[in-house]
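>>> everything below, folded, please.
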Amino acid sequence: MRDEAALFAALGDDTRLGLVARLGEGPSSIAGLTRGGDLTRQAVTKHLYVLERAGLVSCARLGRESLWELRRQRLEEARAFLDVMSQRWDDRLERLRVYVEDHKP
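Residues are numbered from 1 along each chain as shown. Now for the predicted structure:
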């Protein structure tokens, strides 16, 4: 569960969600991620490191430039976790519905 907590903590920030969305369009440099936005290079770097620690992005060096890329497998793991949780709640709610129906006056 700790792994999922780190994952969702990283995704629990609007700025990082925006970076994930941008990287969903394809790999980018920090300069590319700051272009057209309100974030400084330092802020983008800070957020990328949080995403990297959570396994959501990876960085590849190309000469002097670093390209950041979304790790889609990690997002699939997040979705799978949410699917399991959703099914558990659906099952619990169905049992509650049955219980209420069976115990109506």
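
>>> I'd like the average pLDDT over the longest helix seen in the chain.
The longest helix of the chain (DSSP state H) is helix 72-102. The pLDDT scores in helix 72-102 average 91.

>>> enumerate the positions of it that are buried.
Buried residues in helix 72-102, counted by 16 or more other Cβ atoms under 10 Å: 74-75, 77-78. Placement of C-beta: from N, CA and C, glycine included.

>>> then stretch 47-65?
Applying a neighbour-count criterion of 16+ other Cβ under 10 Å, one finds 47-48, 50-51, 54-57 buried in stretch 47-65.

>>> and which of the residues you listed is nearest to Gly26?
Closest to Gly26 out of these is Val57 (12.4 Å), distances taken as Cβ to Cβ.

>>> quickly list what that closest one is bridged to.
Residues in a beta bridge with Val57, per DSSP bridges, are Leu70.

>>> how about the contacts made by it?
Residues near Val57 by Cβ atoms under 8 Å, 6 or more residues apart in numbering: 19-20, 23, 48, 51, 68-71.

>>> so which of those residues is the closest to Asp102?
Val20 (44.9 Å).

>>> packing partners for the strand or helix carrying the closest one?
Applying DSSP states H and E as the criterion places Val20 in helix 14-23. Here helix 14-23 touches helix 2-11, helix 30-34, helix 41-53, strand 57-62, strand 65-70, going by 3 or more Cβ pairs under 8 Å, 6 or more residues apart in numbering; DSSP states H and E.

>>> so for that helix, what's the average pLDDT?
Average pLDDT, helix 14-23: 96.

>>> and for stretch 31-43?
92.

>>> tell me the phi and psi of Leu56?
phi -90, psi -20 (degrees, to the nearest 10).

>>> can we start the residue count at 24 from this point?
Right, with 24 as the first residue, what we last looked at is Leu79.

>>> for the closest residue to it other than its chain neighbours, give me its contacts.
Once flanking residues are discounted, Leu79 sits nearest to Arg97: 5.0 Å by Cβ to Cβ, 6 or more residues apart in numbering. Residues in contact with Arg97, defined by Cβ under 8 Å, 6+ apart, are 30, 77-79.
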